[in-house]
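1. Starting from these lines, generate the structure:
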Amino acid sequence: MTARLFAAMRMRSAEDEARAPKYAHIERERRWLVDAKRIATLDLQNPITIHDRYIIDTRMRLRRMQMGAGDPIWKLTKKYECDDPRARPIVTAYLDAAEYRTLAIANARTITKTRYRLESGDHEFSIDRFEGALAGLFLAEIEIDDSELLHALPNPDWAVRDVRHDPRYQGSQLAERGIPKD
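-> Presented below is the predicted three-dimensional model:
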């Protein structure tokens, strides 16, 4: 066997990773558009400020997260395209400040939001309150490893509708196109 053939057999592509993750984990989540008036009456906890940079012409997101006056956390994430967006391979690398600054010069579209934790029924949701051009938009999401339980979960009473199948509510699309006009 030639060295080139051997290398080709061992090299994985993005398509390989999306089809059968080896380095990524599967993120199973659902997402809802939230009624701002109803959510305002609930006990939102543990606010985290999130600045996302969706790097143009990629599927990568550079994120800076900070809780209060605590130290920031920096991450570079890639979500792979796949047939089922509810079970998507995702890989994240945690960065230090210098790595973040180096990558932050890339041409990107940005979103700023505050993420809260909400206990509702037997589940814990993340509630995102968007700022800037997306002000007034609230989205909720939940991650559950059990796919059957995730899909059987009823819509919360404070949700307007399930938007898990609507790509307009994905972060990169919100950063590029703004709040969807329904």
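
2. Let me know the next secondary structure element after the least confident helix or strand in the chain by mean pLDDT.
-> In the chain, no helix or strand scores lower on mean pLDDT, DSSP states H and E than helix 3-10, which sits at a mean of 58. As assigned by DSSP states H and E, the chain's next helix or strand after helix 3-10 is helix 14-19.

3. pull the CA atoms of that following helix into PDB?
-> Coordinates of each C-alpha in helix 14-19 appear next as PDB, following Å, rounded to 0.1, in the frame of the first residue of the first chain:
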ATOM      1  CA  ALA A  14     -16.000  17.300   7.900                       C
ATOM      2  CA  GLU A  15     -18.500  15.100   6.100                       C
ATOM      3  CA  ASP A  16     -17.100  12.100   8.000                       C
ATOM      4  CA  GLU A  17     -17.400  13.900  11.300                       C
ATOM      5  CA  ALA A  18     -21.000  15.000  10.600                       C
ATOM      6  CA  ARG A  19     -21.900  11.400   9.600                       C
END
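
4. so how many other residues sit close to the closest residue to T58 other than its chain neighbours?
-> With sequence-adjacent residues excluded and distances taken as C-beta to C-beta, 6 or more residues apart in numbering, T58 is closest to K78, at 7.8 Å. Quick note: C-beta positions are derived from backbone N, CA and C, even for glycine. When counting by other C-beta atoms under 10 Å, one arrives at 17 neighbours for K78.

5. Show the pLDDT at K78.
-> If you check K78, the pLDDT there is 92.

6. Going by secondary structure, it is in what exactly?
-> strand 73-79.

7. Which neighbouring elements make contact with that strand?
-> Here strand 73-79 touches strand 60-66, strand 87-95, helix 97-103, going by 3 or more C-beta pairs under 8 Å, 6 or more residues apart in numbering; DSSP states H and E.

8. Ok, which of the ones you listed comes nearest A14?
-> Between A14 and these, the shortest separation by C-beta to C-beta is 9.5 Å, and it involves strand 87-95.

9. Fine by me, we can end here.
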